[in-house]
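1. what's the 3D shape of this:
(chains A and B)
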Amino acid sequence: GQNIDQPTEMTATEGAIVQINCTYQTSGFNGLFWYQQHAGEAPTFLSYNVLDGLEEKGRFSSFLSRSKGYSYLLLKELQMKDSASYLCAVRDWAQAGTALIFGKGTTLSVSS
Amino acid sequence: GAVVSQHPSWVICKSGTSVKIECRSLDFQATTMFWYRQFPKQSLMLMATSNEGSKATYEQGVEKDKFLINHASLTLSTLTVTSAHPEDSSFYICSVETGTDNSPLHFGNGTRLTVT
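-> Sure thing, here's the model as predicted:
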């Protein structure tokens, strides 16, 4: 999505913490989603924010600031299997109804 | 368990032929399904919104006569790539809206299309 920006690539080591940022512009914001996608596979849902603040789900947390058009996904205690692409997506009523508009994804490489 | 079933997982076809991809919602009725396309190392791009019992809504730049969508029942939507060309080679993924405004989309496993 042209109005969603996230870094192209990030690297980290096992056990570390990594934060993936996402900025967006919408006309009718109705939620921000984070998905994980391994190469050649479908995306899997990680987290969702519609109100400002932090949502925590195990090793993954996601934060949203609607006034700043900003979100981040925080991954703790990184494992090798966390190497994947992380997609930031928004639901924008004005642009696409209930569909999700995706950013280009951030490829995370976790090394030992 | 799986919420969405997509078939086939991969297909190779010759240029000029047509390919049909099926997307089924399992265990629930889906009035709305979405079709996305993803080129290598690119984002998922929304192609169209499939509405049960009515015409699909296509995104700008997506040819409706080339990518035929049929959503004839509450559990099945099909995407037919007509007269396929090598540039149509891509990963096609369907997704299903499961209900409330706050619900995430559930994705099928995708179809890898290669046109030779």
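
2. Number of residues surrounding residue 62?
-> Reading this off chain A. Neighbour count of A:Ser62, defined by other CB atoms under 10 Å in any protein chain shown: 23. (Glycine included, C-beta is placed from N, CA and C.)

3. try chain B instead
-> 17.

4. Next up, identify which helix or strand the nearest residue to it once chain neighbours are set aside is on.
-> Once flanking residues are discounted, B:Val62 sits nearest to B:Met47: 4.9 Å by CB to CB, 6 or more residues apart in numbering or on different chains. Using DSSP states H and E, B:Met47 maps to strand B:45-51.

5. Could you point out the helix or strand that follows the helix or strand bottoming out on mean pLDDT in chain B?
-> None of the helices or strands of chain B scores lower by mean pLDDT, DSSP states H and E than strand B:105-107, at a mean of 88. Counting by DSSP H and E, the element after strand B:105-107 in chain order, helix or strand, is strand B:111-115.

6. near chain A at all, that next one?
-> Yes: using CB under 8 Å from any CB of the partner chain, strand B:111-115 reaches chain A at B:Arg112.

7. who does that strand touch, helix- and strand-wise?
-> Strand B:111-115 sits against strand B:10-13, strand B:19-25, strand B:90-97, with contacts defined as 3 or more CB pairs under 8 Å, 6 or more residues apart in numbering or on different chains; DSSP states H and E.

8. Quick check: which of those strands is buried the most?
-> strand B:90-97 (a mean of 24; mean count of other CB atoms under 10 Å in any protein chain shown).

9. any idea of the mean pLDDT for that one?
-> Taken as a whole, strand B:90-97 has a mean pLDDT of 93.

10. Direction included, what does it pair against?
-> strand B:32-38 (antiparallel), strand B:105-107 (antiparallel), strand B:111-115 (antiparallel) (DSSP bridges).

11. The first one: how far from the chain's middle?
-> In other words, strand B:32-38. How far strand B:32-38 lies from its chain's middle: 5 Å, per CA atoms, centre = their mean, to the nearest Å.

12. who wins for proximity to B:Gly108 among the helices and strands packed on strand B:111-115?
-> Among these, strand B:90-97 comes nearest to B:Gly108, with 4.6 Å by CB to CB.

13. Pull the contacting residues for A:Leu108.
-> By CB atoms under 8 Å, 6 or more residues apart in numbering or on different chains, the contact list for A:Leu108 reads A:Glu9, A:Met10, A:Thr11, A:Ala12, A:Val18, A:Ile20, A:Leu75, A:Asp82, A:Ser83, A:Ala84, A:Ser85, A:Tyr86.

14. re earlier: just give me the neighbour total for the residue nearest to B:Val62.
-> 25.

15. That one against B:Gln60, yeah?
-> No: between B:Met47 and B:Gln60 no contact is recorded; they are 10.6 Å apart, counting by CB atoms under 8 Å.

16. circling back: mind pulling up the pLDDT for the residue nearest to B:Val62?
-> Turning to B:Met47, the model gives it a pLDDT of 96.
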